[in-house]
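Asks: requesting a structural model of the entry that follows:
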Amino acid sequence: MLRFFELRSNWLAHHHESSQLTNHQALIVLCLLRAKALLQIDRWDSAILERLGRAFAWQDTEGWFQEYEGCDPGYHTLTVFFLTSDTGAAL
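Replies: Purely as a prediction, here's the structure:
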């Protein structure tokens, strides 16, 4: 089972979507941090930092996060939840 999480995490770390979906970036960060804590490996630190950088680069000056063509309150809530979730892992 741990190998499954490692393989999926590797895919998440290296797969990039063509759309500007901040909630996906934030969810991938959360998944990689949880996998890092579970598997006790630091392999995805650069991918985590890259995804965080992308998510915050897409944040509007008003504070909301870009989803497709603008602000979406539902996806914004998910993005904030994902970015503030405690994973038990540190960079």
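Asks: what mean pLDDT does stretch 64-75 get?
Replies: Mean per-residue pLDDT for stretch 64-75: 93.
Asks: contacting residues around that stretch?
Replies: Counting contacts by CB atoms under 8 Å, 6 or more residues apart in numbering, the residues outside stretch 64-75 that touch it are 19-23, 26, 55, 58-60, 76, 79-80. All C-beta atoms are positioned from the backbone trio N, CA, C, and that covers glycine.
Asks: can you say which of those residues are buried?
Replies: Neighbour-count burial (16 or more other CB atoms under 10 Å) applied to the contacts of stretch 64-75 gives 21-23, 26, 55, 58, 76, 79-80.
Asks: which one of the residues you listed sits closest to Met1?
Replies: Out of these, the one with the shortest distance to Met1 is Ala26. That distance is 24.9 Å, counting by CB to CB.
Asks: show me what counts as buried in the strand or helix carrying that closest one.
Replies: Mapping Ala26 onto the secondary structure by DSSP states H and E places it in helix 22-39. Applying a neighbour-count criterion of 16+ other CB under 10 Å, the buried positions in helix 22-39 are 22-36, 39.
Asks: can you show me the helices along the chain?
Replies: Under the criterion DSSP state H, the chain contains helices at 2-14, 22-39, 45-57, 73-84.
Asks: dump these into TSV; add distance to Glu67 as well.
Replies: Supplementary listing: those in TSV, determined by distance: least, CB to CB, whole Å:
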stretch	distance to Glu67
helix 2-14	19
helix 22-39	6
helix 45-57	11
helix 73-84	4
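Asks: so where is this protein shaky, pLDDT-wise?
Replies: Low-confidence regions of the chain, defined by pLDDT under 70, span residues 88-91.
Asks: just the residues contacting the helix holding Ala26, thanks.
Replies: By CB under 8 Å, 6+ apart, the residues outside helix 22-39 that reach it are 2, 5-6, 8-9, 12-13, 17, 42-45, 47-48, 51-52, 54-55, 58-59, 65-67, 75-76, 78-79, 82-83, 85, 87-89.
Asks: nice, that's everything, thank you.
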